[in-house]
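this one's structure only:
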C-alpha cells in the first residue's frame, strides 16, 4: 500500500496535488458528499477542500506529490503509450498540425 501524508501540506505538495487532480489518466479525489456542484477537491496547505460544500480531507497518497514520476511510470506502460498516442492524435488537426 502507498504511504499516506497528512496535512498540513507544503506549497510544493499543494502544487503537485492540484496538478495530479487534472492529470487526466488517474481518478482525482472528489467530494464525499452528494451534491450537484463541482466535486473535484482542491489541495490547500491545510488539506483538501470541496469548492461547493464544507467537505474536507486531510490526507493524500505520497505518490501524488511527485506528478512527474507518476507520468513517467504511467507512460512507460503499454497502456500509457497507447493513451499518449491517442492524446497526441486528438491534439492535431486534419493536416497533422499541433492545435
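Right, received. Where do you want to start? From a predicted model like this one, the values you see are computed outputs, not experimental measurements.

next, count neighbours for residue 39.
Neighbour count for residue 39, taken as other Cβ atoms under 10 Å: 18. The way it works is simple: take the backbone N, C-alpha and C, and place the C-beta from them, glycine included.

typo on my end, it should be residue 95
The local packing of residue 95 (other Cβ under 10 Å) involves 5 other residues.

who's in contact with it?
Taking Cβ atoms under 8 Å, 6 or more residues apart in numbering, we find residue 95 in contact with no residue.

that one and residue 87: what is the separation?
Applying Cβ to Cβ, to the nearest Å, the value for residue 95 to residue 87 is 18 Å.

residue 53 is in contact with residue 38, correct?
No. With contact defined as Cβ atoms under 8 Å, residue 38 and residue 53 do not form a contacting pair (9.7 Å).

contacting residues for residue 52?
So residue 52 contacts 31, 35, 37, 38, 39 (Cβ under 8 Å, 6+ apart).

thanks a lot, catch you later.
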